[in-house]
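In: Build me a model:
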Amino acid sequence: MVRTAQERVVARVREAEVVAAALSAGRNVVLEGPPGTGKTTLLRALADGTGVPLVLVEGNAELTPTRLVGHHDASRVLSEDYRPENFVPGPLTRAMTEGALLYVEEFNRVPEETMNVLLGVLSEREMHVPRFGRVPARPTFRLVAAMNPFDAVGTARITPALYDRSCRVAMGYQDEDAERAVVAAATGSPDALMSRAVRAVRITRDHPELRIGSSVRGAIDTVLIATELAVVRGSTEVDERTGADAALAALTGKVTVSDGLTRPVEDVVSDIWRQAGEELGKP
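Out: Prediction:
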């Protein structure tokens, strides 16, 4: 199981081992890290390696307890009244009855009342659904919650009670060599363009005018767009203008400017692209 995860997620040996051990020990897991650090890929690889089903849920303000647990089919209730047969299970019910990993993305965007439902399940390993009955969790059922600790807009505070019933694994950005390997695997691009794109996204993460930088997806998009843009412009190589235009398209929507910034984000990204080139010895 761990070997499979290592093959699919670059430079995540330690995290793969720890998450695999926690799940095997019957623990729930909270994965904390910015977007693009391989949280979902890691978990999919671990689930595939064990043959355990994976139920994916997108966390947001619309994830009510009813959407998570399930509901009775209204049209059938009118003709049949409430029966177990007309209950439509939600992702939590499916995960519990299948013994699956319930993976909730953007967990800190989930409403508090929905978190309380999950907390009860983690405590009791079962839940009672009105007009349906008791739902026990199979032994392999686990909750894996993922969240971006740097994004505080529209998010809720995770309660100590949930952390107490889970194990926390932090997943930061990989080093530059690992990110180049990720981009190379995704794009098969020339080394110079790939290296510059990776350097640019890494600069965004510590730039004084940006509150949140780009994930490695910004480098992947830059390379893919630049390669196609060169073809559109009738060239076999990515020149300076083409690379800069690709970086603008790929990165301006993936970064968040600092409060009070007066100049356009396009100017910031253009400066970052030039800086990346200078640091790598490009014109």
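
In: With adjacent residues omitted, what lies nearest to P84?
Out: Once flanking residues are discounted, P84 sits nearest to F132: 5.6 Å by CB to CB, 6 or more residues apart in numbering. The way it works is simple: take the backbone N, C-alpha and C, and place the C-beta from them, glycine included.

In: doesn't V88 make contact with that neighbour?
Out: No: between F132 and V88 there is no contact under CB atoms under 8 Å: 10.1 Å.

In: Can you check which residues contact both of the two?
Out: Listed as contacting both F132 and V88 by CB atoms under 8 Å, 6 or more residues apart in numbering are 70, 72.

In: Tell me which of these two has more neighbours.
Out: F132 (20 against 11; other CB atoms under 10 Å).

In: where does the more buried one sit relative to G38, distance-wise?
Out: Note on F132: its distance to G38, by CB to CB, to the nearest Å, is 37 Å.

In: A161 too?
Out: A161 is 28 Å from G38, where distance means CB to CB.

In: that older thread, need phi/psi at the residue nearest to P84.
Out: Backbone torsions for F132, taken as degrees, to the nearest 10, come to phi -130, psi -50.

In: again, but for V201
Out: phi -70, psi -30.

In: Which residue ranges of the stretch 101-250 of the chain form helices?
Out: 112-124, 160-164, 176-187, 191-204, 216-232, 240-251 (DSSP state H, counting those that start in this stretch).

In: Can you mark which positions in the first one are buried?
Out: Spelled out, that is helix 112-124. If you call a residue buried by 16 or more other CB atoms under 10 Å, then helix 112-124 has these buried ones: 114-115, 117-119, 121-122.

In: Off-centre distance for the host helix or strand of A276?
Out: Secondary structure from DSSP states H and E places A276 in helix 265-279. Mean-position distance between helix 265-279 and its chain equals 26 Å (CA atoms, centre = their mean, to the nearest Å).

In: other SSEs contacting it?
Out: Where contact means 3 or more CB pairs under 8 Å, 6 or more residues apart in numbering; DSSP states H and E, helix 265-279 is packed against helix 191-204, helix 240-251.
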